[in-house]
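In: sequence? don't have it. structure:
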């Protein structure tokens, strides 16, 4: 595996203090997957992130997965909600359109539920990456 | 509208998209991103297949 430590060390040394972009990029990136990278001119990365995360979420919906709403239920329901909310606008639209009701009758629906949760979690990772680019910790 | 995926297809698609995101967010250069993404894909898919066979062995 290639050693990227010298590149990483150089980027960390030039880290910038809090700026408008360090707030805007994560916010926009949460709302629309990959947008936080696109507004920072990382177009290919942003597009790949958008396609990957959005496709995973949409596939989850099409597999009749269940979407979690805010709840005070058991820990797994709470974690499911936290994962789903990471999808940003897709989660908001899904709730608004009353999609994601789930279908116990379909075995594949369980995969759908997990796909949507993981899509949200992957978007959280993407948001963190957009933030690191904004503060200069990463190129 | 419902889409039906086989278990393998679901694992493949999951591994593919997760690897793309991991590759982009965990490495700096394009070459490193590509290599790490392929590595993650192999681990995701290979690990799933391995776990499946391990469960079959335990069940047997």
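Out: Now that the structure is in, tell me what you want to look at. Just so we're clear, the structure is a prediction, and the values are computed from it rather than from any experiment. Numbers count the residues shown, from 1 in each chain, chains lettered A, B, ... in the order given.
In: Need the per-residue pLDDT for the nearest residue to residue A:102 once chain neighbours are set aside.
Out: In this structure, residue A:102 finds its nearest non-sequential neighbour in residue A:66, 3.0 Å apart by C-beta to C-beta, 6 or more residues apart in numbering or on different chains. The way it works is simple: take the backbone N, C-alpha and C, and place the C-beta from them, glycine included. The model reports residue A:66 with a pLDDT of 94.
In: Correct me if wrong: residue A:66 contacts residue A:109.
Out: Yes. If you go by C-beta atoms under 8 Å, residue A:66 and residue A:109 touch, sitting 7.0 Å apart.
In: which residues are in contact with both of those two?
Out: Common neighbours of residue A:66 and residue A:109, using C-beta atoms under 8 Å, 6 or more residues apart in numbering or on different chains, are residue A:102.
In: Now for residue A:89: which residues touch it?
Out: Residue A:89 neighbours (C-beta under 8 Å, 6+ apart): A:31-32.
In: ok, now with 10 Å
Out: A:30-33, A:35, A:54 (C-beta atoms under 10 Å, 6 or more residues apart in numbering or on different chains).
In: neighbour-wise, which of these leads?
Out: If you count neighbours using other C-beta atoms under 10 Å in any protein chain shown, the busiest of the contacts of residue A:89 is residue A:33, which has 30 neighbours.
In: Would you double-check that that one falls in a strand?
Out: No. Counting by DSSP: H, G, I helix; E, B strand; the rest coil, residue A:33 is located in no strand; its state is coil.
In: If we ignore the residues flanking it in sequence, what's nearest it?
Out: Per C-beta to C-beta, 6+ apart, closest to residue A:33 is residue A:53, 3.8 Å.
In: Tell me which stretches of chain A form helices.
Out: Under the criterion DSSP state H, helices of chain A are mapped to A:5-13, A:20-31, A:35-38, A:43-62, A:75-85, A:89-96, A:108-134.
In: just the angle between the longest one and helix A:75-85, please?
Out: Interaxial angle, helix A:108-134 versus helix A:75-85 (axes from the mean of the first three to the mean of the last three C-alpha atoms, to 10 degrees): 60 degrees.
In: tell me which residues in helix A:108-134 are buried?
Out: Buried residues in helix A:108-134, counted by 16 or more other C-beta atoms under 10 Å in any protein chain shown: A:108-127, A:129-134.
In: Then the fifth one?
Out: When burial is assessed from 16+ other C-beta under 10 Å, helix A:75-85 yields the following buried residues: A:80-81, A:83-85.
In: and the helices of chain A as a markdown table, adding distance to residue A:102?
Out: Shown next, in a markdown table, are the helices of chain A (distance: least, C-beta to C-beta, whole Å):
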| stretch | distance to residue A:102 |
| --- | --- |
| helix A:5-13 | 42 |
| helix A:20-31 | 24 |
| helix A:35-38 | 28 |
| helix A:43-62 | 10 |
| helix A:75-85 | 11 |
| helix A:89-96 | 12 |
| helix A:108-134 | 6 |
